[in-house]
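# need coordinates for the below:
(one chain, ligands or ions: 1)
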Amino acid sequence: MPSSQSSSTSSSISSPPISSPISFGELGLCIELVTTVTEKGYASASPIQQHAIPTVLNGRDVIAIAQTGTGKTASFSLPILQLLANTSPAKPNCIKALIVAPTRELAAQVAKNVESYSEGMNIRSTAVFGGVRIEPQKFELAQGLDILIATPGRLVDLYKQGDINFEHIEMLVLDEADRMLDLGFVEHIHFIQSLLPKQRQTLLFSATFSKEIKALAATMLNKPVTIELATAHDHIENITQILHPVDKERKHELVIHLLKSNDWSQVLVFTRTKRGADELRNELEAMGIAAESIHANRTQHARTQALDGFRDGSLKVLIGTDLAARGIDIQQLPCVINVDLPFVPEDYIHRIGRTGRASSKGLAISLYSDDETKQLRSIERLTGRQFKKTFISEFTPKPKPPAVKKDKIEENLYGNFEAFDKPSGKKKSKGRKKRR
Ligand code: AMP
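Numbering: from 1, shown residues only. The predicted structure is shown next:
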């Protein structure tokens, strides 16, 4: 049963990790769901699932600090499916469980998981996000849904157009809540919250447990159980991190060199800008390397096609910006390349976390130019490790001109000026001419 959303005095229980394998059957899930996950090859529940599934089944609110790759989607989807199984169908335009995700890709991925976990159950679910036609989404909503997965912008649009009734929501999930705050969706979240029934169960998933997340949780959750397990830092232990110094203007050339001289089956490449992603894609394609870019300026169709190609292995290189590539779940991705170091150091962890999944070894290569010292220092502070610079002989950066003192520069400038514009003829007198 949903818990009552009442007080601002939410208490929390921190849960220590459970280390021994636990089967899904031991977590209180029904036989249909246990069979489904077993058929998917999930041998035992991951740590986040071990804690979250029984807690959600007990009706408690949950704050879970977990990244993509930890099995977090199943940790909220499975108990939600169980709680909704055998309930009466949702009324037109009503929904019972709402999952809010920051990006279209994550919303689509969560929806795919929910759909596959609910196979054979009488559950209606769909995803709504921007960048695609709104009419089919309105049609789905009109029939009522057990589970709606949505990005904040499209969700608010659909509400304002009268297509969603939030009054019967029993469960709310905020997935990657920290990312939603980073992307400036805080107003949307509070707006949506103001429309929801107070009596509901709320689950908040976040990769980081920042002040802002704690503040958001305090306004939205009721006496939550806090589950703080595998941190990003634990996960990156599986990943070999390499830093190649290179001149900024030669970074794309170095990416091509790395792709040609290594036998990686697939590589995810991060760039800071959308333009950088497109330029690199064009350069790779010109060299005969199958590559695609995903970022906010590409159509949803192009983004989905690129992701599908990457997932089925037909696309060797996917180039993305932080926003678009966040939350991409690809099994066995051998290598991630950072063309630029991100300004937000946490993004570095999220980027490299795409490799080295499920205890396999991963490789993260970062190209570093001398204008990125600040970003490098921030990443080193966050990860608590100092990068060793690995030089590639053909790409060793040109030596920088020695730093010159200011008065010296002025002298040189004057020298140059003189060389091109020497006063001709008479010498200038040193003093002021005396007036006669
Ligand atoms: P997520 O953290 O939800 O993005 O999940 C990452 C990947 O782990 C997905 O491909 C899931 O299908 C997979 N997965 C989730 N739970 C388990 C499990 N208990 N055992 C094996 N794989 C799992």
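# tally up the residues packed near the spatially closest residue to residue 369 that is not a sequence neighbour, please.
Nearest residue to residue 369, sequence neighbours excluded (Cβ to Cβ, 6 or more residues apart in numbering): residue 248, at 3.9 Å. C-beta: built from backbone N, CA, C; applies to glycine. Counted by other Cβ atoms under 10 Å, the residues lying close to residue 248 total 13.
# for stretch 179-188, what is the distance to the chain centroid?
Centre-to-centre, stretch 179-188 and its host chain are 13 Å apart (Cα atoms, centre = their mean, to the nearest Å).
# endpoints of it, how far apart?
13 Å (Cα to Cα, to the nearest Å).
# give me the buried positions along that stretch.
Neighbour-count burial for stretch 179-188 flags 179-183, 185-186, 188 (criterion: 16 or more other Cβ atoms under 10 Å).
# among those, name the ones in helices.
179-182, 186, 188 (DSSP state H).
# dump the residues you listed into CSV; add distance to the ligand and pLDDT as well.
Formatted as CSV, those follow (distance: Cβ to the nearest ligand atom, whole Å; pLDDT from 0 to 100):
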residue, distance to the ligand, pLDDT
179, 13, 91
180, 16, 94
181, 20, 93
182, 18, 89
186, 24, 94
188, 23, 96
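# how about those in TSV, adding distance to residue 302?
TSV is the format used below for these (distance: Cβ to Cβ, whole Å):
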residue	distance to residue 302
179	22
180	24
181	28
182	24
186	29
188	25
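# what does stretch 253-261 rub up against?
Identification of contacts with stretch 253-261 by Cβ atoms under 8 Å, 6 or more residues apart in numbering yields 244, 246, 267, 269, 280, 283-284, 287, 289, 316-317, 337, 339, 365, 367, 392, 394-395.
# report the distance from it to the chain centre.
On Cα atoms, centre = their mean, the centre of stretch 253-261 falls 26 Å from that of its chain.
# in PDB, list the C-alpha atoms belonging to that stretch.
Taking C-alpha atoms only, stretch 253-261 is exported to PDB below (Å, rounded to 0.1, in the frame of the first residue of the first chain):
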ATOM      1  CA  GLU A 253      43.500  12.600 -35.700                       C
ATOM      2  CA  LEU A 254      44.500  10.700 -32.600                       C
ATOM      3  CA  VAL A 255      41.000   9.100 -32.200                       C
ATOM      4  CA  ILE A 256      41.400   7.800 -35.800                       C
ATOM      5  CA  HIS A 257      44.900   6.500 -35.000                       C
ATOM      6  CA  LEU A 258      43.600   4.700 -31.800                       C
ATOM      7  CA  LEU A 259      40.700   3.200 -33.600                       C
ATOM      8  CA  LYS A 260      42.900   1.900 -36.500                       C
ATOM      9  CA  SER A 261      45.700   0.600 -34.300                       C
END
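# now do stretch 42-59, average pLDDT.
Mean per-residue pLDDT for stretch 42-59: 91.
# wait, stretch 151-159
Mean pLDDT, computed over stretch 151-159, is 97.
# identify each buried residue in it, please.
Burial within stretch 151-159, assessed by neighbour count using 16+ other Cβ under 10 Å, is assigned to 151-152, 154-159.
# again, but for stretch 23-40
For stretch 23-40, burial by neighbour count (16+ other Cβ under 10 Å) applies to 24, 27, 29-30, 33-34, 36-37.
# among those residues, list the two that are farthest apart in space.
27 and 36 (13.6 Å; Cβ to Cβ).
# and the buried residues of stretch 151-159, which is closest to the ligand?
The ligand lies nearest to residue 151 out of the buried residues of stretch 151-159, by Cβ to the nearest ligand atom, at 16.8 Å.
# grab the nearest non-local neighbour of that closest one.
Spatial nearest neighbour of residue 151, chain neighbours left out: residue 129 (4.2 Å); criterion: Cβ to Cβ, 6+ apart.
# perfect, I'm done here.
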